[in-house]
Structure formats: C-alpha cells, structure tokens
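In: Kindly generate the corresponding structure for this input.
(one chain, ligands or ions: 1)
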Amino acid sequence: MVQNRYTLCDGVGNPQDWSYTWQISDDVSLSSDCGFCGRNTLRFTYEVTHGPETRWICQHCVSRYPVGGEIDGDVMGPKAARAYAHGLTARLKQQTCSEVIRRVQAAVPDATLEEVVVYFDRNLQLSPLHAAKLFAAMVQAGEETNAGVFEIQTRSNAHQQEFGALPDSERTLVWIALSPQQRRRLASLGFAPEGTLVRRNSGRKPPRVEIQLAAPRIPVLSEVAAIDLTVKDDGNQ
Ligand SMILES: [Zn+2]
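Out: Below you'll find the predicted structure:
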C-alpha cells in the first residue's frame, strides 16, 4: 500500500514531453522542492525542460516518470536517461564531500586530515574514526555544511567497535551524521553518546528504541550549490 500519494502538479502534462538538461542541484540545506510532485525539503533535484518551461524535479519523479534526454545531439530513452542521471548524482555527491574536505583541510593545519582525504577517495564513505577527525576539524574551521552529507560506515562489527571506542565528544560529533537506523543499532550496543536519550518501550512487542539528540547540530549551508555536469571532467590530480 502506498503511504503518501503524490500526483503531478498542474501544468506538467505528459512527463514524456520533458527532457533533462543535466543540471543537477545538490542542496545540502535540504530546502529544494519538486516541480512535478510537490515534495519538499529535498537535497537532489534535476532540471527538466519542456519548450520554454523549466522545472526542477525530485529523485522519486526521476525514478517514476519517463523523462528523456539528449547528449551531444544523441537522443536517450527514459531508461538510459535515468541511469545517466543516477551516475551524475553519485559524482555530484562525491564532489560535494570532496569540496568540504578540501575546504576544511585548507583551513585547519592537521596532518591527519590527509589520511581522511585518502580514505574518502578510496571508499567514498568515512569510517567512524575518520569521520570524527573530519567533523572536529569542520567545527574548528567554521564549516557550515551539515555533516550529514557524508556517509559513515557502521555495518561491520569492526566499524561498530571503532565507533564505540571513540571518546564521548567524538561519538557526539559522528552521531549527527548517522541515520536513525544506524543510531538505533549503535544504541543497542550501548554506544550512544551521553546526552542522547535512549528509551525502550516495555511490553510484548519487540523493544523500540527512541533516541533524541541533545547536542547542538552543525548549522547547514543556506545556499544551493548547482553544478553543471555536462562538461566531462576526468579528474586528473
Ligand atoms: Zn517529485
């Protein structure tokens, strides 16, 4: 059963008539809206055009509607266009994170950040230890991007133990970037930082863990970083 039903906004017409421009926006302040379905508080949106009209659409609509596209004059069907949009999204996500790391590295003279750069480039995610190092430097540098743009590895036992071994202040920093599922899992291992409220409901149902974050959040960036990815960049460094 579908929980939330979104229908097409007025004036969209047939989604097949729209095409991607390959402009993708990574809004790390999560304040973008979808011009097809009206969803809001979005991070990634995709520009589409139909005649003179332009709208930005969400990832759900990218997955759901057969919007086409063109590259260097070659027309792509909806399936190929969707796959291409997903590829661009992965690159943009990586680019946003790399830029944050580079800015922080330039502002904070700390040799251990070099390890973070190498690790991120290799894994496109951060281990809890590397995340703690980076997030502490982000605070020091006054970096405004929400730490939640980074993905933290907590799936393996080794990474869970690595998180648990961090000092409380560092666990609090990393906690901010974790998903509710990740927090529940780590809380169940007794690794929730102090100041987070963990409540278990008693009863016959499986225990539900509720967590409230008492620590201050890192403020988010207010502007939207829109990047044109039509130009191919081989990323020689
Ligand atoms: Zn949408």
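In: quick one: buried residues of the strand or helix carrying T96?
Out: Applying DSSP states H and E as the criterion places T96 in helix 78-107. Using 16 or more other CB atoms under 10 Å as the test for burial, helix 78-107 gives 78, 81-82, 84-85, 88-89, 92-93, 95-97, 100-101, 104-105. For every residue, glycine as well, the C-beta is placed using N, CA and C.
In: again with stretch 18-36
Out: Residues 18-29, 32-36 are the ones in stretch 18-36 that count as buried (16+ other CB under 10 Å).
In: Is it positioned near the ion?
Out: Yes. Shown here: stretch 18-36 in contact with the ion (CB under 5 Å from the ion) through C34, F36.
In: got the end-to-end distance for that stretch?
Out: Start and end residues of stretch 18-36 are separated by 11 Å (CA to CA, to the nearest Å).
In: for the record, mean pLDDT for it?
Out: For stretch 18-36, the mean per-residue pLDDT is 94.
In: care to break the chain down by domain?
Out: Residue ranges for the domains of the chain, per automatic domain parsing: 15-91, 108-217.
In: mean pLDDT for those: which is lowest?
Out: For the domains of the chain, mean pLDDT drops lowest on domain 108-217, to a mean of 85.
In: Next, report how far it is displaced from the centre of its chain.
Out: Domain 108-217 sits 15 Å away from the centroid of its parent chain (CA atoms, centre = their mean, to the nearest Å).
In: ok, now stretch 100-118?
Out: In terms of CA atoms, centre = their mean, the centre of stretch 100-118 is found 20 Å from the chain centre.
In: residues making contact with it?
Out: 120, 126, 130, 133-134, 137-138, 140-143, 145, 149-150 (CB atoms under 8 Å, 6 or more residues apart in numbering).
In: Just the buried residues out of these, in ChimeraX syntax.
Out: Buried members of the contacts of stretch 100-118, defined by 16+ other CB under 10 Å, are picked up in ChimeraX with:
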select :120,126,130,133,134,137,138,141,143,145,149,150
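In: Contacting the ion as well, which ones from the contacts of stretch 100-118?
Out: Okay, of the contacts of stretch 100-118, nothing touches the ion (CB under 5 Å from the ion).
In: rewinding a little: I'd like the domains of the chain laid out as TSV, including distance to Y6.
Out: Shown next, in TSV, are the domains of the chain (distance: least, CB to CB, whole Å):
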stretch	distance to Y6
domain 15-91	4
domain 108-217	22
